[in-house]
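Participant: Any chance you can model this:
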Amino acid sequence: MASNHSVSTAEGMDTNPEEADCSGWIEVVSRKKKLAEKANLPDPAPEKGNGYGGLCTAAQSRGVMRRVVKAFRIPNLPRDHFKTIVRPRGGLDVKKADLIAFKRALSRAASLMAEQTLEDTLCANPFQNILIVATPFKNNARAYAKVQQVCMGSAIIEVAAYVAASDDTCKGVIRGINPDISEAELTDMIVNRRNPGALGVRRIKKTPTVIVVFDGLKVPQYVLCDGVRYPCSLYRRQVD
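Facilitator: Residues are numbered from 1 along each chain as shown. Okay, the predicted model is just below:
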């Protein structure tokens, strides 16, 4: 793909239940981890504040606002972990929930033993009334994403769970793709050297609309699919 294509910039997006099952986004995170390992990139150092006495430029102010927005969306969790969003239904308030009991109940619902979840982390985002589970294990993320209800004592809590795309990725959308083409075929057609930033694809249900996940926060103007150039636009923002 030509390097002079114009691009759109986003602050990062996460997937949602309407984009089907979790497997595609799990593969996206896996590809991101492989790219980082190949490039031997160190984990980013924690950001440090400028203190109260320093001058703050307009660019710095915008950077601060972007960090605040990002913190509002997803708590600080290991970047290379798979993150599963768990959205309770039926009125559960995550601010008041017993999170230890919920984590244990979620693990049981996912058929995971305690020793399998020792490295998993659960935290709440009260602003969105969701819970996020971070795990270094692909199978755990896949198991969490299949949970539809959690039993806590005598209460049965219905949930919608899905794997989020990586924090430092963005999504573009292309349209007019034959619905008979499978996602495996689409992946081969799009995730290749002709689209160097593409990490994964996901068709929206059985429509001609396909979402493409890109490394970084820029969406190219065009995507090559089996040698055919399709216009690509920024996928709508999500708040999770």
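Participant: in its sheet, what does the helix or strand hosting Cys123 sit against?
Facilitator: Under the assignment given by DSSP states H and E, the secondary-structure element containing Cys123 is strand 121-125. Applying DSSP bridges to the sheet, strand 121-125 is found paired with strand 130-135 (antiparallel).
Participant: how about the helix or strand following the strand it pairs with: buried residues?
Facilitator: Past strand 130-135, further along toward the C-terminus, the next helix or strand under DSSP H and E is helix 138-145. For helix 138-145, the neighbour count (16 or more other C-beta atoms under 10 Å) marks Lys138, Asn140, Ala141, Arg142, Ala143, Tyr144, Ala145 as buried. C-beta: built from backbone N, CA, C; applies to glycine.
Participant: right, and the helix or strand after helix 138-145?
Facilitator: Following helix 138-145 toward the C-terminus (DSSP H and E): strand 149-152.
Participant: Quick check: mean pLDDT of that following strand?
Facilitator: Computed over strand 149-152, the mean pLDDT rounds to 94.
Participant: again with stretch 131-139
Facilitator: 93.
Participant: tell me how far the ends of it are from each other?
Facilitator: Here the two ends of stretch 131-139 are set 19 Å apart, with distance taken as C-alpha to C-alpha, to the nearest Å.
Participant: just stretch 197-212 next, same as before
Facilitator: For stretch 197-212, the first and last residues are 10 Å from each other (C-alpha to C-alpha).
Participant: May I see the buried residues of it?
Facilitator: By neighbour count with 16+ other C-beta under 10 Å, stretch 197-212 contains the buried residues Gly197, Ala198, Leu199, Gly200, Val201, Arg202, Arg203, Thr209, Val210, Ile211, Val212.
Participant: Among these, which lie within helices?
Facilitator: Per DSSP state H, helices hold no members of these.
Participant: which one among these gets closest to Ser182?
Facilitator: Taking C-beta to C-beta as the measure, Arg203 is the one of the buried residues of stretch 197-212 closest to Ser182, at 8.9 Å.
Participant: Isn't that closest one up against Val212?
Facilitator: No. Contact between Arg203 and Val212 fails when scored by C-beta atoms under 8 Å: they sit 10.4 Å apart.
Participant: which residues sit against stretch 230-237?
Facilitator: Taking C-beta atoms under 8 Å, 6 or more residues apart in numbering as the criterion, the residues outside stretch 230-237 that touch it are 8, 10-11, 13, 170-177, 211-212, 219-224.
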